[in-house]
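Chemist: below is the structure, and that's it, no one-letter string:
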């Protein structure tokens, strides 16, 4: 593939722990893939922004936002949400509605089609912004499970203790990689596109470069190790610092889950930001034109952990050849990246998606795991400390 030439399909990112010990069916029904968004702040209880905690089934976030805008009589830009959630799931998330003196409608009217439930209402002074949630709690059921129970249980224990590479899931790149292919064509021959479309393209391109760098670390066996010069990200924090040479204490902190190595979400570094090291640029030599394009677009450099550790991870094997999983992931991490290290999974629900900006049905990056580019960068007002 020449620079910025779209590949026919997404590459298969290398696994960290070898061949999965089993196979399974996921999302046989939306109820088999349940996601609950965990808010990152408390509501004040007063303000011009109404907040709605909604449960949706077989409906994506953008479609529900449009429905809220129509009911409330406000522009779509007045609707806020923190993360994108797939239609092929049962998900719960918060929305904000900027009413600016308008009378609030009967929010329970959202329930009339039968695919939405209003779970809670609140108010706050500010709009809900992307990436402000703390994480997502998952309740999954894997059906038609095949594999030796001892091997599966051993792999689950390994994933709980050691984690998995923090790849962006395939949802980020669109169905069968369609969004990424369109984004690469656009980057090679820029044309005027809508702001929403441009955001999708930026996200897909930066995720692709991140996954490429992470795949190299996985292949070389140090995706979960700290190397001299690495950006280290404090777990559960927006703080980072540079690793020194031969720092055994940092490796101990990584083993304890206190810190994670970081890789870039490509962009321009600010004065106080850790710039992309020369050796990382060299690893992406074949994508140098794409890296330059993203810098020319003025995107701010951000950092994302190379490792994903599931919190509160538990499981139960059932007599009907199913496996129930429960875990929590930080904002921006994908449950599918965890499942890929456990079993060869096939989808049970037809993965159809839609966008709010065009009539095409194959280019969204929404996902049950889905979030915005939740990286660590200048705009997050980080403290560079250990």
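Modeler: Structure received. On a predicted model such as this, the values are computed, not experimentally measured, just so you know.

Chemist: drop to CA atoms for contacts and neighbour counts, all remaining ones
Modeler: Noted.

Chemist: surely residue 233 meets residue 261?
Modeler: Yes - Residue 233 is in contact with residue 261 according to Cα atoms under 8 Å; the separation is 6.2 Å.

Chemist: so residue 109 sits in a helix?
Modeler: Yes - Residue 109: assigned to a helix according to DSSP: H, G, I helix; E, B strand; the rest coil.

Chemist: residues near it, how many?
Modeler: Applying other Cα atoms under 10 Å, we find 13 other residues in the vicinity of residue 109.

Chemist: again with residue 73
Modeler: Residue 73: 14 surrounding residues under other Cα under 10 Å.

Chemist: tell me the pLDDT of it.
Modeler: At residue 73, the pLDDT value in this model is 96.

Chemist: can you tell me how far it is from residue 67?
Modeler: 10 Å (Cα to Cα, to the nearest Å).

Chemist: next: residue 88.
Modeler: 18 Å.

Chemist: look at these two and report which has more neighbours.
Modeler: Between residue 88 and residue 67, residue 88 has the larger neighbour count (other Cα under 10 Å), namely 28 against 14.

Chemist: so residue 203 versus residue 180, what's the distance?
Modeler: 9 Å.

Chemist: over to residue 97?
Modeler: Distance of residue 97 to residue 180, given as Cα to Cα: 31 Å.

Chemist: could I get the phi/psi values of the nearest residue to residue 82 once chain neighbours are set aside?
Modeler: Distance criterion Cα to Cα, 6 or more residues apart in numbering; nearest residue to residue 82, sequence neighbours excluded, is residue 130 at 3.9 Å. Torsion angles at residue 130 (phi, psi; degrees, to the nearest 10) stand at phi -60, psi 140.

Chemist: count of residues packed around residue 130?
Modeler: Counted with other Cα under 10 Å, the neighbours of residue 130 add up to 15.

Chemist: you'd agree it is up against residue 81?
Modeler: Yes - using Cα under 8 Å, residue 130 is in contact with residue 81, at 6.0 Å.

Chemist: returning to what we had before: overlap of the contact sets of residue 233 and residue 261?
Modeler: By Cα atoms under 8 Å, 6 or more residues apart in numbering, residue 233 and residue 261 have these common neighbours: residue 305.

Chemist: for residue 277, which non-adjacent residue is closest in space?
Modeler: Nearest residue to residue 277, sequence neighbours excluded (Cα to Cα, 6+ apart): residue 229, at 8.0 Å.

Chemist: list the contacts for that neighbour?
Modeler: Residue 229 is in contact with 242-245, 277, counting by Cα under 8 Å, 6+ apart.

Chemist: repeat that for residue 49.
Modeler: Going by Cα under 8 Å, 6+ apart, residue 49 touches 96-100, 123-127.

Chemist: mind redoing it with 6 Å?
Modeler: Residues near residue 49 by Cα atoms under 6 Å, 6 or more residues apart in numbering: 96-99, 123-125.

Chemist: what's the answer for residue 90, then?
Modeler: Contacts of residue 90 (Cα under 6 Å, 6+ apart): 30-31, 34, 56-57.

Chemist: any idea whether residue 113 is helix, strand or coil?
Modeler: Three-state call for residue 113 (three-state DSSP): coil.

Chemist: would you check how far apart it and residue 92 are?
Modeler: To residue 92, residue 113 is 17 Å away according to Cα to Cα.

Chemist: okay, these two: which has more neighbours?
Modeler: For residue 113 versus residue 92, neighbours defined as other Cα under 10 Å are more numerous around residue 92 (22 against 8).

Chemist: pretty sure the more buried one is touching residue 34, no?
Modeler: No - applying Cα atoms under 6 Å, one finds residue 92 not in contact with residue 34, separated by 8.1 Å.

Chemist: which neighbours do those two share?
Modeler: By Cα under 6 Å, 6+ apart, no residue touches both residue 92 and residue 34.

Chemist: residue boundaries of the helices in the stretch 101-250 of the chain?
Modeler: Using DSSP state H, counting those that start in this stretch, the helices of the stretch 101-250 of the chain run over residues 149-162, 178-188, 195-220, 248-255.

Chemist: from residue 127, how far off is the nearest residue to residue 257 once chain neighbours are set aside?
Modeler: Among residues not flanking residue 257 along the chain, residue 235 sits closest, at 7.0 Å (Cα to Cα, 6+ apart). Applying Cα to Cα, the value for residue 235 to residue 127 is 26 Å.

Chemist: swap in residue 20?
Modeler: Computed as Cα to Cα, the residue 20 to residue 127 distance reads 42 Å.

Chemist: for the stretch 101-250 of the chain, give me the ranges with low pLDDT.
Modeler: Along the stretch 101-250 of the chain, segments meeting pLDDT under 70 span 246.
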